[in-house]
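**Q** Predicted structure and sequence below. I'll ask about it afterward.
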Amino acid sequence: MTLNGWLQILFFFALILAVTKPLGVFIAHVFNRERTFMDKVLRPLERLIYKVTRVDEKHEMAWTEYASAMLLFSVVSMVVLYLLQRLQGVLPFNPQHLGAIKPGSSFNTASSFTTNTNWQSYVPEVTMSYLTQMAGLAYHNFASAAVGIALAIAFIRGIARREMQTIGNFWVDMTRALLWVLLPFCLVGALLLVSQGVVQNLKPYDLAQLIDKQSIAGDREDVSRNVITITQGPVASQEAIKMWGTNGGGFFNANSAHPFENPTPLSNLLEMFAIFAVSAGLTYTLGRTTGSQKHGWAVFAAMALLFFAGVATAYWAESRGNPLFAGTNQTVNSMQSGGNMEGKEVRFGIANSALFATATTDASCGAVNAMHDSFTPLGGLVPLSNIMLSEVVFGGVGAGMYGILIYVILAVFIAGLMVGRTPEYLGKKIEAYDVKMAMLVVLVFPLTILVLAAISAVSPNFGTSQLNNNGPHGLSEILYAFTSGTGNNGSAFAGISANTLWYNSTIGIAMLVGRFFMIIPMLAIAGNLARKKTVPPSLGTFPVTTPLFTTLLVSVIVIVGALTFFPALSLGPIVEHLLMQAGKTF
């Protein structure tokens, strides 16, 4: 580790801290229907949308109606994306004449982008036409992110409201998320990325003549070629919402390690900033809406502690280098960057690779600027563990906020048990129904991951046969795939060939379970909290605005994750680390 690397990490965090309050205030104004500086332009457009779609913006929904509207929208959007892929070969904006996508892959991709997962088991630049990229994938990048923000706001409303049966209007919340929070910032973000060299056009792919012929190892014999294909396309517009909406699906297979998606250190900083910005702002929105700003900062502090623990571990592990190359000089000096540079871009180095990997898995983003499969075992443990902790560290646009609020409910419940009183959260009693719904969210996640990973790990015909590695690293690849899918992250260890009927089907189902089987209990908690009366604090009330609360919240998140996943992790990255230290490989 170097001082320069730490200064870059601290500078990134300082940017996030600086925008938390202004962005949080702005988001609160948007969803409380207070005036903002963009109302003159966007308010007429919003009214037009309601008029065309016949939405009554004054109509409030109970949590059941809110959930039904969200599910209906998601199902219809998923079906449309599936059909768009299957009919791609006969639709326009397809200069490469790419054919229809197979049913298994189409189902997986439709599930992936509908749930804000953006897992990609295909190679985008040779699979998806421009129309599918723009009207299908980019559209879902906006829509799924807007749904996530709407759900977080609905949960916050449920906490803030008193003796009310409703938590807002899904259609209004989603529309305002799209118009005020996502679209304007992505327009600016796309232009900034174009200024850095990110591609944005509708041209066919170019062919470039090589000075010297290349020899490429084929299945039977070496193939010589003297031209290469340079991919084109509407990249910047998709890249902006990919990061700001914490989607993560790349236009190119190499994702943000590709120079057409992420060409410069400045574009790399902009993309990392976009991952955390909205999620950090929502912590301030939480405090402002509930009337307890200190509580919002306490939640922010818990996220920050977990973030620094993750990035410090990943940076340390990657900076130490690979112990299997004991005779090789891997120290930082004027001639080399040092550390484990396998799978990393020299444009970004160790520090920014570790930071990007931590940020993208803290949030439900999944974009990568380095290949996680090539990280050291402990370095790779960090992104895997981040997703297993439910990505509650500035965790995605909306998803991380309602995810950490579930842990807040559990932390308050545990604190109440310690003092022998009914738990209270911001003046509302936490009762058996709330805890049951919270535990349902907590249990569905590991159950889905561990069951599907276990079946795949013992099934050579369709599970282990797709691995590039044996032993504990192969187990980590399987575990990461189902964790990423169920956690709606979308990143991959990239050492597993997942474009098969088994993995497309099971990961597709895992993504749907990980999204909707957690959202519905969360909305049930929000609806139940909105109906409750508030009670004045007493001597037995556990304050949720102190460093003690932050410590308890972090402890609950880590302990629940450790108790659930440690046995699986001990057979994967942990034992791989021990074997690597002993000089053994598989």
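**A** It's in.
**Q** Report the contact partners of residue 176.
**A** 30, 31, 46 (Cβ atoms under 8 Å, 6 or more residues apart in numbering). Where C-beta positions appear, they are placed from N, C-alpha and C, glycine not excepted.
**Q** Need the three-state assignment for it.
**A** helix (DSSP: H, G, I helix; E, B strand; the rest coil).
**Q** Show me what counts as buried in the strand or helix carrying residue 110.
**A** For residue 110, the host element (DSSP states H and E) is helix 103-114. Going by neighbour count (16 or more other Cβ atoms under 10 Å), the buried part of helix 103-114 is 104, 105, 106, 107, 108, 109, 110, 111, 112, 113, 114.
**Q** Which one of the residues you listed is nearest to residue 70?
**A** Lowest distance from residue 70 to these (Cβ to Cβ) belongs to residue 114, with 11.2 Å.
**Q** Show the pLDDT at that closest one.
**A** For residue 114, the model assigns a pLDDT of 93.
**Q** and what of residue 577?
**A** The model's pLDDT for residue 577 equals 84.
**Q** just residue 80 next, same as before
**A** 95.
**Q** cool, and the one 3 residues further on?
**A** Model confidence at residue 83, expressed as pLDDT, equals 95.
**Q** what do you get for residue 221?
**A** For residue 221, the model assigns a pLDDT of 45.
**Q** Next, the angle from the helix ranked longest in the chain to helix 103-114.
**A** Assignment by DSSP state H gives helix 501-531 as the longest helix of the chain. With axes from the mean of the first three to the mean of the last three Cα atoms, to 10 degrees as the basis, helix 501-531 and helix 103-114 are set at 30 degrees to each other.
**Q** Report the distance from helix 501-531 to the chain centre.
**A** Relative to its chain's centre, helix 501-531 lies at 15 Å (Cα atoms, centre = their mean, to the nearest Å).
**Q** Which one of the contacts of residue 176 is nearest to residue 437?
**A** Nearest to residue 437 out of the contacts of residue 176 is residue 31 (Cβ to Cβ; 23.0 Å).
**Q** which residues of the stretch 251-400 of the chain score low on pLDDT?
**A** 327, 333-335 (pLDDT under 70).
**Q** hmm, 90 instead?
**A** 251-255, 319-349, 363-366, 372-374, 389-400 (pLDDT under 90).
**Q** Tell me where it has helices.
**A** Remark: helices assigned in the stretch 251-400 of the chain by DSSP state H, counting those that start in this stretch are 265-290, 293-319, 349-362, 377-388, 399-419.
**Q** Look up how far residue 45 lies from residue 354.
**A** Separation of residue 354 from residue 45 (Cβ to Cβ, to the nearest Å) stands at 42 Å.
**Q** okay, the two: which has more neighbours?
**A** A count of neighbours by other Cβ atoms under 10 Å puts residue 354 above the other of residue 354 and residue 45, at 31 against 11.
**Q** ok, the residue positioned nearest the centre of the chain - contacts?
**A** Against the mean C-alpha coordinate of the chain, by Cα atoms, centre = their mean, the closest residue is residue 364 at 1.3 Å. Residue 364 makes contacts with 116-117, 148, 246, 248, 391, 395-396, 399-400, 487-490, as judged by Cβ under 8 Å, 6+ apart.
**Q** any chance of the contacts of residue 176 in a markdown table, plus pLDDT, distance to residue 495 and secondary structure?
**A** Putting the contacts of residue 176 into a markdown table (pLDDT from 0 to 100; distance: Cβ to Cβ, whole Å; DSSP: H, G, I helix; E, B strand; the rest coil) gives the following:
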| residue | pLDDT | distance to residue 495 | secondary structure |
| --- | --- | --- | --- |
| 30 | 95 | 42 | helix |
| 31 | 95 | 42 | helix |
| 46 | 95 | 46 | helix |
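**Q** what's in contact with stretch 42-58?
**A** 169, 171, 172, 175, 176, 179, 180, 184.
**Q** how about the helix holding residue 110 as CSV, C-alpha atoms only?
**A** Taking C-alpha atoms only, helix 103-114 is exported to CSV below (Å, rounded to 0.1, in the frame of the first residue of the first chain):
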residue,chain,number,x,y,z
PRO,A,103,-34.5,-18.7,-24.9
GLY,A,104,-32.4,-19.6,-21.9
SER,A,105,-30.1,-16.6,-22.3
SER,A,106,-33.1,-14.3,-23.1
PHE,A,107,-34.8,-15.4,-19.9
ASN,A,108,-31.7,-14.9,-17.8
THR,A,109,-31.1,-11.4,-19.3
ALA,A,110,-34.7,-10.4,-18.9
SER,A,111,-34.6,-11.4,-15.3
SER,A,112,-31.3,-9.7,-14.8
PHE,A,113,-32.1,-6.3,-16.1
THR,A,114,-35.6,-6.2,-14.6
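**Q** follow-up on the earlier one: neighbour-wise, which of the contacts of residue 364 leads?
**A** residue 246 (38 neighbours).
**Q** what sits against that residue?
**A** 116, 145, 148, 275, 278, 279, 363, 364, 365, 396, 397, 399.
**Q** Against residue 502, how distant is the closest residue to residue 79 other than its chain neighbours?
**A** Using Cβ to Cβ, 6 or more residues apart in numbering and skipping residues adjacent in sequence, the residue nearest residue 79 is residue 110, 7.6 Å away. Per Cβ to Cβ, residue 110 is found 17 Å from residue 502.
**Q** got it, and residue 178?
**A** For residue 178 relative to residue 502 (Cβ to Cβ), the value is 36 Å.
**Q** and if you look at residue 210?
**A** 39 Å.
**Q** Same check on residue 86?
**A** Taking Cβ to Cβ, one finds residue 86 at 20 Å from residue 502.
**Q** Next: residue 364.
**A** 24 Å.
**Q** Now tabulate the contacts of residue 176 in CSV and tack on distance to residue 91 and neighbour count.
**A** Below are those laid out as CSV (distance: Cβ to Cβ, whole Å; neighbours: other Cβ atoms under 10 Å):
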residue, distance to residue 91, neighbour count
30, 35, 22
31, 36, 23
46, 30, 18
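**Q** In TSV, list these along with distance to residue 537.
**A** Listed next are these as TSV, based on distance: Cβ to Cβ, whole Å:
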residue	distance to residue 537
30	30
31	27
46	39
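**Q** which one among those gets closest to residue 344?
**A** residue 30 (38.3 Å).
**Q** burial of the closest residue to the closest one other than its chain neighbours, as a residue count?
**A** Once flanking residues are discounted, residue 30 sits nearest to residue 180: 4.4 Å by Cβ to Cβ, 6+ apart. The number of residues packed near residue 180 is 22, by other Cβ under 10 Å.
**Q** Might you report the residue contacts of residue 180?
**A** Residue 180 neighbours (Cβ under 8 Å, 6+ apart): 26, 30, 36, 38, 42.
**Q** Using JSON lines, please lay out those together with secondary structure.
**A** Shown next, in JSON lines, are the contacts of residue 180 (three-state DSSP):
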{"residue": "26", "secondary structure": "helix"}
{"residue": "30", "secondary structure": "helix"}
{"residue": "36", "secondary structure": "coil"}
{"residue": "38", "secondary structure": "coil"}
{"residue": "42", "secondary structure": "helix"}
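**Q** Name the member of these with the most neighbours.
**A** Neighbour-wise, these (other Cβ under 10 Å) top out at residue 30, 22 neighbours.
**Q** wait, that residue sits on residue 178?
**A** No: the criterion here is Cβ atoms under 8 Å, and residue 30 misses it with residue 178 at 10.8 Å.
**Q** Mind listing what's buried along stretch 68-82?
**A** Result for stretch 68-82 [16+ other Cβ under 10 Å]: buried residues 69, 70, 73, 74, 77, 78, 81, 82.
**Q** can you map out the helices along the stretch 1-150 of the chain?
**A** Counting by DSSP H, counting those that start in this stretch, one finds helices in the stretch 1-150 of the chain at the ranges 3-31, 39-53, 63-86, 103-114, 130-131, 139-160.
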